[in-house]
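A.B. asks: can you look at this prediction? I've put the sequence above it.
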Amino acid sequence: MQQSLVPMHRRILMAVCLGICLTASVSAQYGAPSGGVTLFRDLNFSGRSQTFTGDVSNLQGSYVGNDTTTSVRIEPGCRARLYADADYRGGYLEVDRDVSDLRGSSVGNDTVTSMRVHCEEGGWGSDSDWNSGGSTPGVTLYRDLDFSGRNQKITDDISDLRGHYVGNDTATSVRIDPGCSARLYADANYQGSYLEADRDISDLRGSSVGNDTVTSVRVRCDRNGGGWNSGSDWNSGGSGSTGGSTTNGVTLYRDLNLSGRSQTFTGDISDLRGSYVGNDAATSVRVSRGCRARLFADAYYRGAHIETERDISDLRGSPVGNDTVTSIQVRCETDGGGWNSGGEWGSGDSNWGTSHRVSLYQHTNFRGTAYSFDSDTGDLRAAFGANDEASSVRVAPGCKVRLYQDPQFQGEYTETSRDIEDLRDSRVGNDTTSSIQVRCR
């Protein structure tokens, strides 16, 4: 009987060893091994936690639990994508550093359901590492150039980036998933200058929205392959919208039919070099209701130009031409009073006396789309939409013009050295001019 008894000192030693072994086992399961991502239930890396070194398609049943994560710790050389839904779907947040509070991030607090984990010593070459699982398409804002630094994937509209993980006034580059486009606004609630993009931008410096100024963002992703046909796609508001209000302005597009890389302007730009849409690149233009634009072939509002208050899907054949726009003037009426004269253009008109000889306007009182000419034009059909459309004409000081009813300076004509606000009472008549001759001292 006494032989089966274990001496007291040996029992104490066994108990100590058992406690050490259990502690080591728990630490191995839930602690922080070298390399990996640790999810915590509470703020500031506290509360129940679990470390992962590989992908988890569903956190339900895990020790840390589903929809419980409030902070996350990232070991050096690792990064993670935290998804709101199972199987790597829904909104997600990509992190490469510790986050002590997930509240306000795109994935949110207590919503993480699946996670991808990548740990490498050699760095991250591209996003191809993440592609095997698929995810909701969207737009990723990066704090630093060339798609680096803290970043956030956005799949729905955000009216104010303050409080979000990527932060307000911090975006320096943006990545656009295939089939998606974004509007990046300088101000909250989709106000102020904005940039519309349908492809990656590695450097936002010099764009209309600028570097470190993005405060709100709209995201549109076409999941049916139908493309983006008009600006109406932005008006529904989407998630997080405050009614679809956007800034009026003029948008230049690189390609025909209001497509391709684009940039919206709300004020004059004397030189498009360095802009996102680029110099000598515009092929079509969209004009918001109540706005009009002058597109100039040369910098500082010089050279041939076209004035328009409506969309033009193809600038080829216009006086300013395709891929030649270098400067732009924008005017938008805010009180509904309309455009009664050319005075709204201000000091920019000082160049008209030397650079712009004659301008034909589509409507009376110098309104509507306009075309400027510095020399004779034998057939206005070559000037996009200009044939048989002139209803008023402006003539620069020291110049005179003959407006002919027929091509090649034939038929009835009107000669004038002054502006005519309404051609209906002239000999050439309204909407009949087909060729012009320009003479200047």
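C.D. replies: That came in fine, so what should we check first?
A.B. asks: does the nearest residue to D96 once chain neighbours are set aside lie in a helix or a strand, and which?
C.D. replies: Closest residue to D96 apart from its sequence neighbours, by CB to CB, 6 or more residues apart in numbering: R79 at 4.1 Å. Bear in mind the C-beta positions are built from the backbone N, C-alpha and C, glycine included. Per DSSP states H and E, R79 falls inside strand 78-85.
A.B. asks: other SSEs contacting that strand?
C.D. replies: strand 71-74, strand 89-95, strand 114-119 (3 or more CB pairs under 8 Å, 6 or more residues apart in numbering; DSSP states H and E).
A.B. asks: what about C221, neighbour count?
C.D. replies: Using other CB atoms under 10 Å, C221 is surrounded by 17 other residues.
A.B. asks: so it makes contact with I154?
C.D. replies: No - look at C221 against I154 with CB atoms under 8 Å: they stay out of range, at 10.5 Å.
A.B. asks: would you map the strands across the stretch 101-250 of the chain?
C.D. replies: 114-119, 139-144, 148-154, 173-176, 180-187, 191-197, 216-221, 250-255 (DSSP state E, counting those that start in this stretch).
A.B. asks: against N109, how distant is the nearest residue to G179 once chain neighbours are set aside?
C.D. replies: Distances taken as CB to CB, 6+ apart put D222 closest to G179, at 5.0 Å, once the chain neighbours are dropped. D222 is 31 Å from N109, where distance means CB to CB, to the nearest Å.
A.B. asks: the residue nearest to G179: how many residues sit nearby?
C.D. replies: D222: 15 neighbours (other CB under 10 Å).
A.B. asks: I'd assumed C180 was in contact with it.
C.D. replies: Yes - with contacts counted by CB under 8 Å, D222 reaches C180, the gap being 7.5 Å.
A.B. asks: got a list of what the residue lying closest to D177 once chain neighbours are set aside touches?
C.D. replies: Distances taken as CB to CB, 6+ apart place P137 nearest to D177, at 4.0 Å, with adjacent residues excluded. Neighbouring residues of P137 by CB atoms under 8 Å, 6 or more residues apart in numbering: T155, D177, P178, G179, C180, C221, R223.
A.B. asks: now the buried members of these.
C.D. replies: With neighbours counted by 16 or more other CB atoms under 10 Å, these contain buried members at T155, D177, G179, C180, C221.
A.B. asks: got a list of what C440 touches?
C.D. replies: R357, A396, G398, C399, K400.
A.B. asks: what bridges to it?
C.D. replies: C399 (DSSP bridges).
A.B. asks: bridged to the residue nearest to V250 when sequence neighbours are not counted, which residues?
C.D. replies: Distances taken as CB to CB, 6+ apart place A293 nearest to V250, at 4.2 Å, with adjacent residues excluded. A293 has the following beta-bridge partners by DSSP bridges: T308, V330.
A.B. asks: surely A293 touches S327?
C.D. replies: No - using CB under 8 Å, A293 is not in contact with S327, being 10.8 Å away.
A.B. asks: between these two, point out the one with more neighbours.
C.D. replies: A293 (27 against 23).
A.B. asks: that older thread, what's opposite the residue nearest to D96 in the beta bridge?
C.D. replies: H118.
A.B. asks: how much space between L252 and T364?
C.D. replies: Separation of L252 from T364 (CB to CB): 28 Å.
A.B. asks: cool, R81 as well?
C.D. replies: R81 is 60 Å from T364, by CB to CB.
A.B. asks: more neighbours, the two?
C.D. replies: Set side by side, R81 and T364 give different neighbour counts by other CB under 10 Å, the larger being at R81 (21 against 15).
A.B. asks: give me the nearest residue to the more buried one, chain neighbours excluded.
C.D. replies: R81's closest residue in space is R116 (CB to CB, 6+ apart), at 4.4 Å.
A.B. asks: burial check on the one you found, number of neighbours?
C.D. replies: 23.
A.B. asks: list residues touching both of C221 and I154?
C.D. replies: Counting by CB under 8 Å, 6+ apart, the residues touching both C221 and I154 are G138.
A.B. asks: secondary structure class for V438?
C.D. replies: strand (DSSP: H, G, I helix; E, B strand; the rest coil).
A.B. asks: wait, it sits on F373?
C.D. replies: Yes - when contacts are counted by CB under 8 Å, V438 is listed as touching F373 (5.9 Å).
A.B. asks: and the two? Which one has more around it.
C.D. replies: Applying other CB under 10 Å to V438 and F373 shows that F373 carries more neighbours, namely 20 against 17.
A.B. asks: for the nearest residue to the more buried one once chain neighbours are set aside, the count of nearby residues, please.
C.D. replies: Among residues not flanking F373 along the chain, V358 sits closest, at 5.0 Å (CB to CB, 6+ apart). Using other CB under 10 Å, V358 has 25 other residues around it.
A.B. asks: same question, S259
C.D. replies: There are 16 residues near S259, going by other CB under 10 Å.
A.B. asks: gap between it and A281?
C.D. replies: Taking CB to CB, one finds S259 at 13 Å from A281.
A.B. asks: hey, what's R218 bridged with?
C.D. replies: R183.
A.B. asks: any idea how far it lies from D96?
C.D. replies: 26 Å.
A.B. asks: who's more crowded, the two?
C.D. replies: R218 (26 against 16).
A.B. asks: I figured that one hits Q191, correct?
C.D. replies: No - because the distance of 11.6 Å does not satisfy CB under 8 Å, R218 is recorded as not touching Q191.
A.B. asks: shared neighbours, these two?
C.D. replies: Joint contacts of R218 and Q191 (CB under 8 Å, 6+ apart) are Y185.
A.B. asks: tell me where the stretch 301-441 of the chain has strands.
C.D. replies: 302-308, 327-332, 358-363, 367-373, 392-395, 399-406, 410-416, 435-440.
A.B. asks: list the contacts of the longest one.
C.D. replies: Meaning strand 399-406. In contact with strand 399-406 (CB under 8 Å, 6+ apart) are residues 357-358, 390, 393, 395, 409-417, 423, 426, 428-429, 432-441.
A.B. asks: domain-wise, how is the chain divided?
C.D. replies: 32-352, 357-441 (automatic domain parsing).
A.B. asks: possible to save these as CSV with mean pLDDT?
C.D. replies: Formatted as CSV, these follow (pLDDT from 0 to 100):
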stretch, mean pLDDT
domain 32-352, 76
domain 357-441, 82
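A.B. asks: from C399, how far off is V438?
C.D. replies: With CB to CB as the criterion, V438 and C399 are 6 Å apart.
A.B. asks: which neighbours do the two have in common?
C.D. replies: Joint contacts of V438 and C399 (CB under 8 Å, 6+ apart) are R357, V358.
A.B. asks: now E412, nearest residue through space, not along the chain?
C.D. replies: Q405 is the one closest to E412 (CB to CB, 6+ apart), at 4.8 Å.
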